[in-house]
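Q: heads up, no residue letters with this:
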């Protein structure tokens, strides 16, 4: 019977340990089922008046590229945009843009207004290709290896810290292999 | 200069809290009266200091002093005054300050109004309160200072999340905190009793008003939050089983159990260890809620900007407070003497069943809320637990709870006869059957379970009314006697009738709106008329509206019914520039029977406007019922036995008129 009085503290200890472990994890860090897999097959036209579209073969040219999923209606995209501009200007890596569920003329206006960091663009008007890529929020950024495998994906706007600590090291690592 | 005074006041409050936490505790142990006497003035001083800090922060918000980081990040000059003020607690640092302010408000209330408590008990209670205060003051000073400066000051602030700029939400957090933090009182009383090694019926009588007050506030807080979600989020939902909602609901369930088990301690001098444990757990769940919201361990729409350092601090504090309390419980609780026995079918038995069901319900919510975290910690798998889990576990537990809620109050203490109670509930059965048949008639062909749910709520309300009628011997004694009995009935009896009936109304609202809601998403062109839930709804077009800190598109819908004009409804879709965000202001036409709810979305590609229409039967009963429950709590709070000097007055009355039947 006396043992019964110890049950609450025993349960609490287990609970506290689980909370402690939980603190070290990030629930927002959702793994993509596609990591390590080949990119899905697709072929998209460019955002007019640009001419370079985006297709599966464009991602298998031998060097690592970033695929940035954006939309003119996406507020968070505006947050990361200057960083993408800087990245494109530095020439460290090619950045391709996937205009997700966005009218081409709006995408064009947005790129005209804020600058165009993308070497290639693809118009995914109805979001079909987005489904194959497992996109569920904009912005998302995929790191794709030179042979067309998805190395990692970043959900949400890229912060300078994300770029330095996660994305650039992954690019360097992929190139070293 | 002024913000620094606020910072300084917090440091001073910490010093006072350390004194208040130690001297009275030692004094009470060693019998040093002068040290015991420190507790009450220290509690008042701490409250004054925190109030100074809080109002200084509020002042910084009102004058838009952007040299304070907290103000610059969460306020904006163009914001209406109400939201400048509510912006104080719309962020992590400020809300923490509000948390401590309320903690101290309760502490000061015990110091001022608790003069009928034995001095050593009051000193110990205030010491335990001070320890909780020390933890949170250190938290503020070490990780979350609201007065940190930003030099040079920006010209304009970043603004408050527009979703939070709403009168309902402005007062939601303070009420919630009054509830959460109010349970710290029950906790402090429990720890003080464990330290003293004594739990008496008088203890339960002292702790009950604090618990009841906290419960009322929490009920209002939860109801306000749910009401806000209903009209602001634009799709007519009112409860989502979101981790943070659950975090407020769990202390409510545990606190409700505590309210009822404290009655058993008070009336029958038994169930002591369990009541103490409930008091500890209720506050532990409140702290857990704080941990969940601020540490980022669970994903939620409510989460503050989370920071692992804060999580570590709160977890350490949680382990210190709750772990310490439970160790003390394991050591001291076995020595608490219980001297009464009772049969399973009795008032005590009913209240124990109520406690078991409420704590089990609380445990299922806890499990569902924490399971994703545990699974992630053990296996790395990511899942979310959604409404289907909660609906299928929590719902069934409510059925026996509601059934016994009607019977329990009719059972006498110690030993009762169930058949007799059922016999007296004939009227309850009749009300329930009438409601069931009426519902069947109105909603023929609808879900059968919903009819059952309506009957069950009617049973609860019927049971509460029957119990009241029994007490005043309505229709059995001459009406003048019934009237006299009604006048002399303790307020807590009316409180119970109201609270139980209120819950019945809440359940009716939930059942009806879940079962018979009609929803439609329609692209409407200007001039188009549609038939919806018996109304004809004509879309008259939109116009642009300029608000104080937003621009909006306002749609106009003319509602007619069989050719008779009823009203015009004007939902808005608002665009806030700082921070950039779109919000929906639904137009709602509430009636006692059903709400008509219209939200306007984006223009469609071919000229029409996306319009969401809902017809929600009895939905307002949910909040009306919660209001009745709260009123019940308040009425019970004014019961004679909770008032200062109650025993003396009661004795005086007993000589004259026959003593009223004991409450509950």
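A: Yep, that arrived. This is a predicted model, so every value here is computed, not measured.

Q: and the most centrally placed residue in chain A, what does it touch?
A: For chain A, the residue nearest the mean C-alpha position is residue A:141 (1.9 Å; CA atoms, centre = their mean). Residue A:141 is in contact with A:66-69, A:153-154, A:158, A:167, counting by CB atoms under 8 Å, 6 or more residues apart in numbering or on different chains. From N, CA and C alone the C-beta is placed, and that goes for glycine too.

Q: which one among those residues gets closest to chain B?
A: residue A:153 (14.5 Å; CB to the nearest CB).

Q: contacting residues for that closest one?
A: Residue A:153 sits next to A:32, A:34-35, A:140-143 when contact means CB under 8 Å, 6+ apart.

Q: which of the residues you listed sits closest to residue B:195?
A: Comparing the contacts of residue A:153 against residue B:195 with CB to CB picks out residue A:32 as the nearest, at 53.7 Å.

Q: where in chain A is pLDDT low?
A: Within chain A, the stretches with pLDDT under 70 are A:1-2, A:26-33.

Q: in it, what residue spans correspond to strands?
A: A:43-44, A:54-55, A:65-70, A:94-100, A:120-124, A:140-144, A:150-155 (DSSP state E).

Q: so where's chain B shaky on pLDDT?
A: Scanning chain B for pLDDT under 70 picks out B:234-235, B:295-308, B:339, B:578-580, B:642-664.

Q: just want the most central residue of it.
A: residue B:218 (2.2 Å).

Q: quick check: it touching residue B:254?
A: No: assessed by CB atoms under 8 Å, residue B:218 is found out of contact with residue B:254, at 10.6 Å.

Q: okay, the residue in the stretch 101-250 of chain B that chain A sits nearest to and residue B:208: tell me how far apart.
A: Of all residues in the stretch 101-250 of chain B, residue B:243 sits closest to chain A, at 9.7 Å by CB to the nearest CB. Distance from residue B:243 to residue B:208, counting by CB to CB, to the nearest Å: 30 Å.

Q: just residue B:638 next, same as before
A: Here residue B:638 is placed at a distance of 13 Å from residue B:208 (CB to CB).

Q: which of these two has more neighbours?
A: The neighbour count for residue B:638 versus residue B:208, taken as other CB atoms under 10 Å in any protein chain shown, is higher for residue B:208 (24 against 13).

Q: where's that one, which helix or strand?
A: If you go by DSSP states H and E, residue B:208 is part of helix B:201-232.

Q: can you check residue B:52 too?
A: According to DSSP H and E, residue B:52 maps onto helix B:39-62.

Q: what's the next secondary structure element after that helix?
A: Next helix or strand after helix B:39-62 toward the C-terminus (DSSP H and E): helix B:69-74.

Q: show me what the very next helix or strand once past that next one is packed against.
A: Downstream of helix B:69-74, the next assigned helix or strand under DSSP H and E is helix B:81-86. Other helices and strands packing on helix B:81-86, by 3 or more CB pairs under 8 Å, 6 or more residues apart in numbering or on different chains; DSSP states H and E, are helix B:39-62, helix B:167-170.

Q: what lies in contact with helix B:81-86?
A: B:58, B:61-62, B:64, B:75, B:160, B:164-165, B:167, B:169-171.

Q: just the buried subset of those, please.
A: By neighbour count, with 16 or more other CB atoms under 10 Å in any protein chain shown, the contacts of helix B:81-86 hold B:58, B:61-62, B:64, B:75, B:160, B:164-165, B:169-171 as buried.

Q: just give the number of residues close to the closest residue to residue B:79 other than its chain neighbours.
A: In space, residue B:79 comes closest to residue B:549 once its chain neighbours are excluded; the distance is 5.7 Å by CB to CB, 6 or more residues apart in numbering or on different chains. Residue B:549 has 19 neighbouring residues, counting by other CB under 10 Å.

Q: buried sites along stretch A:164-177?
A: Residues of stretch A:164-177 classed as buried: A:167, A:170-171, A:174 (neighbour count, 16+ other CB under 10 Å).

Q: run through who's touching it.
A: With contacts defined as CB under 8 Å, 6+ apart, stretch A:164-177 is touched by A:63-64, A:66, A:92-93, A:141, A:143, A:145-146, A:151-152, A:154, A:158.

Q: host element of the closest residue to residue A:23 other than its chain neighbours?
A: Closest residue to residue A:23 apart from its sequence neighbours, by CB to CB, 6+ apart: residue B:311 at 4.7 Å. Per DSSP H and E: residue B:311 is located in helix B:308-318.

Q: make a markdown table from the strands of chain A and add distance to residue B:514 to it.
A: Listed next are these as a markdown table, based on distance: least, CB to CB, whole Å:
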| stretch | distance to residue B:514 |
| --- | --- |
| strand A:43-44 | 43 |
| strand A:54-55 | 46 |
| strand A:65-70 | 37 |
| strand A:94-100 | 35 |
| strand A:120-124 | 38 |
| strand A:140-144 | 35 |
| strand A:150-155 | 33 |
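
Q: about what we covered before: so what touches the helix holding residue B:311?
A: Applying CB under 8 Å, 6+ apart, the set of residues contacting helix B:308-318 is A:16, A:19-20, A:23-24, B:92, B:135-136, B:138-139, B:142-144, B:284, B:287-288, B:290-291, B:294-297.

Q: mind giving me the PyMOL command for buried ones among those?
A: Buried residues within those, by 16+ other CB under 10 Å, are selected in PyMOL with:
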select buried, (chain A and resi 16+19+20+23) or (chain B and resi 92+135+136+139+143+144+284+287+288+290+291+294+295+296+297)
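
Q: restricted to helices, list the contacts of helix B:308-318.
A: Using DSSP state H, A:16, A:19-20, A:23, B:92, B:135-136, B:138-139, B:142-143, B:284, B:287-288, B:290-291, B:294-295 are the members of the contacts of helix B:308-318 that sit in helices.

Q: and the contacts of helix B:81-86, which two are furthest apart?
A: Distance extremes for the contacts of helix B:81-86: the farthest pair is B:64 and B:171 at 21.8 Å, using CB to CB.

Q: where's residue A:115 relative to residue A:70, distance?
A: With distances taken as CB to CB, residue A:115 is found 12 Å from residue A:70.

Q: who touches both of those two?
A: residue A:81.

Q: which of those two has more residues huddled nearby?
A: More crowded of residue A:115 and residue A:70, by other CB under 10 Å: residue A:70, with 27 against 15.

Q: residue contacts, the more buried one?
A: Counting by CB under 8 Å, 6+ apart, residue A:70 touches A:77, A:81, A:97-100, A:102, A:107, A:110, A:138-139.

Q: residues near the nearest residue to it once chain neighbours are set aside, how many?
A: Closest residue to residue A:70 apart from its sequence neighbours, by CB to CB, 6+ apart: residue A:77 at 4.6 Å. Using other CB under 10 Å, residue A:77 is surrounded by 21 other residues.
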